[in-house]
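K.L.:
need a structure here:
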Amino acid sequence: MAEQVFGLGINQVMAYTAIANVLLVVMLTAINIYYAGHAKRQADAAREQVNASNRQSEIAAETLSLLRQQMDQQHRTDIASVTLQLKVAVHVIEDWLKRISSEKHPQLPDEIGILPPDFSLATQRANSIDQIVAENMGAASLYVAEAETNLRLMRHRNPDEPEAWKDHQQKATKSLNTAKYKLSVARTRWEAMAEQQP
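P.N.:
Here you go, the predicted model:
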């Protein structure tokens with residue numbers, strides 16, 4: 001008598017088990033192939049992300065290099081501009097001191113402006129590099145403004161009455177000399193700093 005399981009003979013059970021095993025292997029293989037393809041797509045996507053990150057990193061490095069070059073160029077421009085403004089300001093003050101130093105009432109223009117219009121911009125540029133230089137330049141501007149006020153008052157005084165304009169002349173001279181000193185201090189410090197720049 002042959003043994004039976006669920007109404008099937010042993011050979012039939014073995015055959016069905018073998019078929020089930022083959023189907024299971026095929027299913028597991030299909031699942032492995034699916035997950036392997038999925039893993040490959042993820043790996044490709046990750047590789048693309050790495051490549052994109054590398055490109056972004058290269059672009060960022062190039063941008064940073066360009067910004068550094070621009071900053072260095074701006075720094076050199078600022079140094080040159082402030083150097084020039086300091087030289088011009090000292091020279092102009094010396095000219096004004098000569099103009100108002102005579103014993104006679106000096107011929108003064110209608111518009112009295114001693115420092116160049118862009119001197120305040122040079123002071124701002126100096127402030128971004130050396131605050132002490134900028135402080136001296138700012139102080140010089142204040143003394144020059146005081147001198148300009150005295151020169152305007154002097155211009156409106158009677159030239160034939162020295163007592164009417166001499167006091168303003170002396171005050172203007174004193175203010176201009178103080179401004180010249182402040183600018184000379186600023187210029188000396190600035191030029192020493194500029195020489196140390198690469």
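K.L.:
and the helices in this structure?
P.N.:
If DSSP state H is used as the criterion, the helices of the chain fall at 10-100, 119-127, 131-155, 162-196.
K.L.:
could I get those in JSON lines, plus columns for mean neighbour count?
P.N.:
Every residue, glycine included, has its C-beta placed from N, CA and C. Below are those laid out as JSON lines (neighbours: other C-beta atoms under 10 Å):
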{"stretch": "helix 10-100", "mean neighbour count": "12"}
{"stretch": "helix 119-127", "mean neighbour count": "19"}
{"stretch": "helix 131-155", "mean neighbour count": "20"}
{"stretch": "helix 162-196", "mean neighbour count": "18"}
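K.L.:
so who does residue 154 touch?
P.N.:
Applying C-beta atoms under 8 Å, 6 or more residues apart in numbering to residue 154 gives the contacts 100, 105, 106, 108, 165, 168, 169, 172.
K.L.:
which pair of these spans the longest distance?
P.N.:
Taking C-beta to C-beta as the measure, the contacts of residue 154 span a maximum distance of 12.6 Å, between 105 and 172.
K.L.:
tell me, what residue is most central in this protein?
P.N.:
Central residue of the chain (C-alpha atoms, centre = their mean): residue 71, 6.0 Å from the mean position.
K.L.:
roughly how far does it sit from residue 59?
P.N.:
18 Å (C-beta to C-beta, to the nearest Å).
K.L.:
please apply the same query to residue 188.
P.N.:
From residue 188 to residue 59 the distance is 44 Å (C-beta to C-beta).
K.L.:
what does residue 46 give?
P.N.:
Where residue 59 is concerned, residue 46 sits at a distance of 20 Å (C-beta to C-beta).
K.L.:
pLDDT weak spots in the protein?
P.N.:
The model of the chain has pLDDT under 70 over residues 1-2, 4-6, 198.
K.L.:
ok so, going back, quick one: the residue nearest to the centre of the chain from residue 111, how far?
P.N.:
38 Å.
K.L.:
now residue 101
P.N.:
Distance, residue 101 to residue 111, by C-beta to C-beta: 21 Å.
K.L.:
these two: which is more packed in?
P.N.:
More neighbours surround residue 101 than the other of residue 101 and residue 111, with 10 against 6 (other C-beta atoms under 10 Å).
K.L.:
please name the nearest non-neighbouring residue to the more buried one.
P.N.:
Excluding the flanking residues, the one nearest residue 101 by C-beta to C-beta, 6 or more residues apart in numbering is residue 173, at 7.0 Å.
K.L.:
in contact with the one you found, which residues?
P.N.:
Contacts of residue 173 (C-beta under 8 Å, 6+ apart): 97, 100, 101, 147.
K.L.:
which one of those residues sits closest to residue 117?
P.N.:
Lowest distance from residue 117 to the contacts of residue 173 (C-beta to C-beta) belongs to residue 147, with 16.8 Å.
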